[in-house]
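Undergrad: Any chance you could fold what I've pasted below:
(2 chains)
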Amino acid sequence: MTPQELLVSAIKDGTVIDHITAGRALKIIRVLRLPDHKKVVTVGLNLPSRAMGHKDLIKVEGRELTPEEANEVALLAPEASINIIKNYKVTKKFKVQIPQTIERVVVCPNPKCITNFERMTTLFSVKRYGTVIKLSCKYCEKIFEQEEIKDYNL
Amino acid sequence: MLTFKNRDILSIKEFTKEEILHVLKVASALKKKPQPKLLDGYVLGSCFFEPSTRTRLSFETAMQRLGGKVIGFADPNVTSTKKGETLYDSIKIISQYADVIAMRHPLEGAARRAAEASEKPIINGGDGANQHPSQTFLDLLSIQETQKKLENLSIAFVGDLKYGRTVHSLAQALCHFNSRVYCVAPEMLQMPEYILDEFKLSRIKFSLHSELEPILPKVDILYMTRIQAERFGDPAEYEKVKNAYVLTAAMLKGVKSNLKILHPLPRVNEVAPDVDATPYAYYFQEAENGLYVREALFGLVLGKF
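TA: Next up, the predicted model:
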């Protein structure tokens, strides 16, 4: 047994979100509303990773993430991979994908955007400029880079 | 067949070239031949959550000149907004009274939010620093009228290109017309990166400048703007740039004979009064065109054209 496995125990059925950009796991937990999940959620922060140097990892007992939820993860951790576990075995493994549109999750960074004043759902379209990903607010029409997104609707 | 019936007019970006040209065609026709009975029995909701003189009066006059009536407010302090009512609720109610709503609001995206609340068409008369599409239509009508075309023209934007929403909307519309764009501004007020990205995507040739005079002989349209004091946190920064570009009649020697000077108004000192008497000044006629463009938009979204 490696030290990593000792730190983050195996789950019987559920989802493992692996290869999360170090430091993003706590935000993902909030975005996916995992504190409301009634079963065990295990978090590993700054785990050593051969490919990434350090990574975060989340194990969610008794819940299979939907593709939509996995896409929400993509915004925060574009390198993340999702492992669906059944009876201690990985039955499905896939990389997250940034969706075409992002509903609700992102708070518009423009302080003069109407979405920050009315009780309403935000909607961003995802635009790709080569390898750079930018988000365009449906309402104020401003375009933001991922690093400019500071707040998430929880 | 182009159809505008019940359509919201929120952002110039949502219009194809064909649609823009259709709006201009209808506006030109209304300018030549008024239609005082066209909207008899219709009611405009004129909802100005932020002060405006020209835009509000021209929307209201446009409806009245087409035979319609106007309800509304010019000061949000007289509405339930002051009591904490959401924009959504306010517009939901007003849209039950009016057939079409023209609105201005200080927040960006407010017109789009209003459109979600309203079953009647919303015409955006300015939402913060975001969009002001009817201004863009009147700018384009003025360009078309004076140059007899929209394609392949050289246009200089001068002044506050960073915050000016009329600049951003017109720049986006020009992407349809293969323009050559000169951006003349102090470095701190240059054209935002996202507009330059749109130029690149549309293969629009553009260049950035800090000096106005070398550009003057090159252009067909000079689009002057006011440097807005209210945008500066530090008054000393405003003082540095407020007189950066002052156009005088003397500077217009050697310009193209077809040059026309546009300005969304109000002006402060960036266009000297002696320019008014030159054959190049067109900003007052441009403001008048606002009336015909807004008449056209009402007629179109109410299904009359």
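Undergrad: which parts of stretch B:256-274 are buried?
TA: Applying a neighbour-count criterion of 16 or more other C-beta atoms under 10 Å in any protein chain shown, the buried positions in stretch B:256-274 are B:259-265, B:267, B:270-271. No exception for glycine: its C-beta is placed from N, CA and C like everyone else's.
Undergrad: Just the ones of those in strands?
TA: Counting by DSSP state E, the members of these that fall within strands are B:260-262.
Undergrad: domain assignment for the chain?
TA: Going with chain A. In terms of domains, chain A is parsed into A:3-95, A:101-148 (source: automatic domain parsing).
Undergrad: right idea, wrong chain: chain B
TA: Using automatic domain parsing, the domain ranges for chain B come out as B:12-131+B:290-301, B:134-287.
Undergrad: Mind checking the pLDDT average for the first one?
TA: Right, the one you point to is domain B:12-131+B:290-301. Along domain B:12-131+B:290-301, the predicted local confidence has a mean pLDDT of 95.
Undergrad: Measure how far it is from the centre of its chain, please.
TA: The chain centre lies 13 Å from the centre of domain B:12-131+B:290-301; the measure is C-alpha atoms, centre = their mean, to the nearest Å.
Undergrad: Of all residues in chain B, which one is nearest the centre?
TA: A centroid search over chain B (C-alpha atoms, centre = their mean) returns residue B:135, at 1.8 Å, as the residue closest to the centre.
Undergrad: which ones are touching it?
TA: For residue B:135, the contacting residues are B:55, B:126, B:166, B:169-170, B:264, B:290, by C-beta atoms under 8 Å, 6 or more residues apart in numbering or on different chains.
Undergrad: on that earlier part again, let me know the closest of the ones in strands among the buried residues of stretch B:256-274 to chain A.
TA: Chain A has its nearest neighbour among those in residue B:262, at 23.3 Å by C-beta to the nearest C-beta.
Undergrad: Who is the closest one paired with across the strands?
TA: Per DSSP bridges, residues listed as beta-bridge partners of residue B:262: residue B:223.
Undergrad: That one and residue B:220 touch, don't they?
TA: No. Taking contact to mean C-beta atoms under 8 Å, the distance of 10.8 Å between residue B:262 and residue B:220 leaves them out of contact.
Undergrad: gap between residue B:60 and residue B:264?
TA: Counting by C-beta to C-beta, to the nearest Å, the gap between residue B:60 and residue B:264 amounts to 19 Å.
Undergrad: If you could redo that for residue B:125, that was the one I meant.
TA: Plainly put, residue B:125 is 13 Å away from residue B:264 if you go by C-beta to C-beta.
Undergrad: For the closest residue to chain B within chain A, which residues are in contact?
TA: The minimum distance from chain A to chain B, using C-beta to the nearest C-beta, falls at residue A:139 (2.7 Å). Contacts for residue A:139 were tallied using C-beta under 8 Å, 6+ apart; they are A:108, A:113-115, A:122-123, B:108-109, B:112-113.
Undergrad: Tell me the backbone dihedrals of residue B:49, please.
TA: Main-chain dihedrals, residue B:49, degrees, to the nearest 10: phi -80, psi 0.
Undergrad: do the one 3 residues further on as well
TA: Note on residue B:52: its backbone torsions stand at phi -160, psi 140 [degrees, to the nearest 10].
Undergrad: isn't it right next to residue B:104, touching?
TA: Yes. Between residue B:52 and residue B:104 a contact is recorded at 5.3 Å, counting by C-beta under 8 Å.
Undergrad: before we move on, back to that, for chain A, state which of the buried residues of stretch B:256-274 is nearest.
TA: Set against chain A, the nearest of the buried residues of stretch B:256-274 by C-beta to the nearest C-beta is residue B:264 (18.8 Å).
Undergrad: can you tell me which two in the contacts of residue A:139 are farthest apart?
TA: A:123 and B:108 (14.3 Å; C-beta to C-beta).
Undergrad: which parts of the longest helix along chain A are buried?
TA: Identified as the longest helix of chain A according to DSSP state H is helix A:67-76. Buried residues in helix A:67-76, defined by neighbour count with 16+ other C-beta under 10 Å: A:69-76.
Undergrad: what does chain A put close to chain B?
TA: Contact residues, chain A versus chain B (C-beta under 8 Å from any C-beta of the partner chain): A:110, A:112-115, A:117-120, A:129, A:137-143.
Undergrad: what about the helices in chain A?
TA: Counting by DSSP H, chain A has these helices, from start to end: A:3-7, A:25-31, A:67-76.
Undergrad: what is the rounded mean pLDDT of the first one?
TA: In this case it means helix A:3-7. Within the predicted structure, the mean pLDDT of helix A:3-7 is 50.
Undergrad: quick one on the thing from earlier: secondary structure and distance to residue B:250 for the contacts of residue B:135 - can I get that in TSV?
TA: Below are the contacts of residue B:135 laid out as TSV (DSSP: H, G, I helix; E, B strand; the rest coil; distance: C-beta to C-beta, whole Å):
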residue	secondary structure	distance to residue B:250
B:55	helix	32
B:126	strand	34
B:166	helix	27
B:169	helix	31
B:170	helix	27
B:264	coil	24
B:290	helix	30
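Undergrad: related to what we said a few turns ago, and residue A:123 and residue B:108? Which one has more around it.
TA: With other C-beta atoms under 10 Å in any protein chain shown as the criterion, residue A:123 and residue B:108 differ in neighbour count, and residue B:108 comes out ahead with 26 against 16.
Undergrad: For that one, which residues are in contact?
TA: Counting by C-beta under 8 Å, 6+ apart, the residues that residue B:108 touches are A:110, A:112-114, A:139-142, B:127-130.
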